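K.L.:
can't give you the sequence, but here's the structure:
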């Protein structure tokens, strides 16, 4: 049994081109399935794990030469010189971590080419992950936008924004109006929504987990019933902690990334 | 619902404000890529394995994938992995660890493995699973290496012991876990004291001896699952186990243990050819053997059996052992027979060994002997016949074992191992095993063969069992390896059968029979009886399985 294609689909080639281009690296593709990337100094430092080289270069006042990486996307070609990058490869994991640490917050304006004054509404965008964790674990993603003027909720916000151009600077003749709903209370509204959503779900998984938890707790007590050893209490407590760590049902929701957007009043109309 | 802990994100707002204030922001493209990656990696289903799409460079076998699923879905991450040797327990453990890591359920893990296997585990985790594990050392930094591999012997020593017991592990994996069967040992209490969320115990021989050992293993995973010590021993301990109870216990065990058998897996495609090689002592050797036999009549049957077995292996093994005997009476009386042993020509088995190896051409061969003295002798003897060999034994330092394995792979034809070398080293690039001496326990023979008949073996394998006619070896060969028919019928059930019979180990039982028999005829009858009981029980188990 090889690759399971029903989950984890991502176009790695497109992903890499986007990622490196956004980081101002030159991407060269001479043949299908192979990508060469000339790293910038910043990206070399982020990905190549050679702090001594850069330390030395900077100490001696030299310029330094960032590396070039060749990625093999098609495993048939992996004999050729380059590193095979695929969904589980450490490099993609590294890039993912880099994104996780650096691509979290935005503050952007819709890019518009307009000849009359145009109002931009502030939106709070939050991409949430809900984690359901009991004897097993699953995740659910939500992309929610909230209009901070009129309180409109927008679901699948990322999808709505698919075609939008967003820029860190505001376009000519555009101006923003200050939020009527404060960011903090906007966030609270989104949280409330998620909280209610969670309450409405089927939580059989959690009751199963709780039941198992109770069973295992009873087992532990039974195990130590006739035990007179001196460290009995300590052991018992350790075991109970282990069981709770494994079986106590827990729901966590956290923001993957988010920020403030200023969008045309007419959004989401195209 | 009220009993579910709900935790919200109380940092986001502050972080966002801070990022805006400091202009610590990202652009739209990267923001989208980040979310896209999260969409691709989110585990949206409780049950579906994520791990396979992460490891396209490895082909996993169906039973390995199924095991990973069972352990996660039905056993909730605490299980005994008890596949027969060579079916890839390491792979299964790796799959489970990786799946939990992908799901973010495991961030740190401790792997306790035999010292000689530390490097092998690290390499395997790295190459097959992209898991960066490190070997535990002094001044270890937990933060840099959250996944680490070490031996239990090192871990249980201070100051490591205290450091390790203070950590909360998301997962603990213990290889060769049958060594933890005795609850009175330090190793056992150490394993029980570890703070752990998930736990995998790997062993090919979950119950080798007494049923209480299985209780002890399960109590590391799920204390109380089989009751407490008193209730368990009362029910199963010393009484003869009734079939009904046995079946009930069996059902319980199956909920915490996965045991794949070679015959149920794809691996049966590799054919295992077992050849018995009958050898006759030269007249001279047979004479000395008989004399030794007579000479030892006035000593304990235990020492008699020991010395005779040794003479069947090499002059050296027997001579040295007589010389080092602690029994003064024996030492004084044995001078004459020792001289005769010393005068013997090269051992008939050694000659046979050279002959056989030459027939194989350039094929690599593993040769197992029970005795260090025979190992030395054979290494010298092979060298006289221009056959290159490496000697492998237990107790070698970590690293040195890896090195010898590599030497064998690259430069030598023969891997000469004593029993202690049988465990834990993978030699699937080799297809030939010669059992120069037979162990008296088929389980151990199975472990030897498992070195090559395992995951990764692509060719048919050949096993040659040496036995000398008209000696003890003849009985052992006939009884254990022909009649019991271990390879096909009973090996998987032997644990259970022995437990039912309240027999602690086969070796002891055979020794017992030999010790308490006055003639060879009597011994044969007793052995035959024993074998037929084993077969009967084996058939009963088969029927139960078919009906159940």
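P.N.:
Thanks, I have it. Keep in mind the model is a prediction, meaning the values are calculated, not measured. Residues are numbered from 1 along each chain as shown, chains lettered A, B, ... in the order given.
K.L.:
going forward, measure contacts and count neighbours with C-alpha atoms only.
P.N.:
Fine.
K.L.:
Wait, a strand at residue A:35?
P.N.:
Yes. Membership of residue A:35 in a strand is supported by DSSP: H, G, I helix; E, B strand; the rest coil.
K.L.:
check contacts around it.
P.N.:
Contact analysis of residue A:35 by CA atoms under 8 Å, 6 or more residues apart in numbering or on different chains lists A:27-29, A:70-73.
K.L.:
Ok, residue B:43 next?
P.N.:
Residue B:43 touches A:137-140, B:50, B:103, counting by CA under 8 Å, 6+ apart.
K.L.:
how about a cut-off of 7 Å?
P.N.:
Contact analysis of residue B:43 by CA atoms under 7 Å, 6 or more residues apart in numbering or on different chains lists A:138-139, B:50, B:103.
K.L.:
Could you report the separation of it from residue B:387?
P.N.:
According to CA to CA, to the nearest Å, residue B:43 and residue B:387 sit 55 Å apart.
K.L.:
Can you give me the neighbour number for the residue of the stretch 301-450 of chain B found nearest chain A?
P.N.:
As assessed by CA to the nearest CA, chain A sits closest to residue B:428 within the stretch 301-450 of chain B, at 21.7 Å. As a burial measure, residue B:428 scores 19 neighbours (other CA atoms under 10 Å in any protein chain shown).
K.L.:
and if you look at residue B:59?
P.N.:
12.
K.L.:
in a strand, that's where it is, yeah?
P.N.:
No. If the criterion is three-state DSSP, then residue B:59 is coil and not within a strand.
K.L.:
quick one: pLDDT of it?
P.N.:
Looking at residue B:59, its pLDDT reads 82.
K.L.:
cool, residue B:503 as well?
P.N.:
At residue B:503, the pLDDT value in this model is 70.
K.L.:
All the helices of the stretch 101-250 of chain A, residue numbers only.
P.N.:
Using DSSP state H, counting those that start in this stretch, the helices of the stretch 101-250 of chain A run over residues A:157-160, A:183-200, A:204-224, A:232-247.
K.L.:
okay, the angle between the longest one and helix A:232-247?
P.N.:
Using axes from the mean of the first three to the mean of the last three CA atoms, to 10 degrees, the inter-axis angle of helix A:204-224 relative to helix A:232-247 is 160 degrees.
K.L.:
Likewise for the second one?
P.N.:
Comparing the axes of helix A:183-200 and helix A:232-247 via the same axes, to 10 degrees yields an angle of 100 degrees.
K.L.:
Just checking the distance from helix A:183-200 to the centre of its chain.
P.N.:
19 Å (CA atoms, centre = their mean, to the nearest Å).
K.L.:
what does the third one give?
P.N.:
Taking the mean of its C-alpha atoms, helix A:204-224 sits 34 Å from the chain's own mean (CA atoms, centre = their mean).
K.L.:
go on, stretch A:164-184?
P.N.:
Counting by CA atoms, centre = their mean, stretch A:164-184 is centred 24 Å from the centre of its parent chain.
K.L.:
Just give me the neighbour total for the closest residue to chain B within chain A.
P.N.:
Proximity of chain A to chain B (CA to the nearest CA) peaks at residue A:88, 3.7 Å away. Number of residues near residue A:88 (other CA under 10 Å) recorded here: 19.
K.L.:
what helix or strand is it on?
P.N.:
Counting by DSSP states H and E, no helix or strand carries residue A:88.
K.L.:
Would you confirm that it contacts residue B:55?
P.N.:
Yes. Under the criterion of CA atoms under 7 Å, residue A:88 makes contact with residue B:55 at 5.8 Å.
K.L.:
Touching both of those two, which residues are there?
P.N.:
Counting by CA under 7 Å, 6+ apart, nothing touches both residue A:88 and residue B:55.
K.L.:
Compute the distance between residue A:226 and residue B:213, please.
P.N.:
Here the criterion is CA to CA. By it, residue A:226 lies 19 Å from residue B:213.
K.L.:
For those two, indicate the residue with more neighbours.
P.N.:
Neighbours per residue, other CA under 10 Å: of residue A:226 and residue B:213, the larger number sits with residue B:213, 19 against 12.
K.L.:
what number of residues lie near the residue of the stretch 51-200 of chain B found nearest chain A?
P.N.:
Residue nearest to chain A within the stretch 51-200 of chain B (CA to the nearest CA): residue B:54, separated by 3.7 Å. Neighbour count of residue B:54, defined by other CA under 10 Å: 22.
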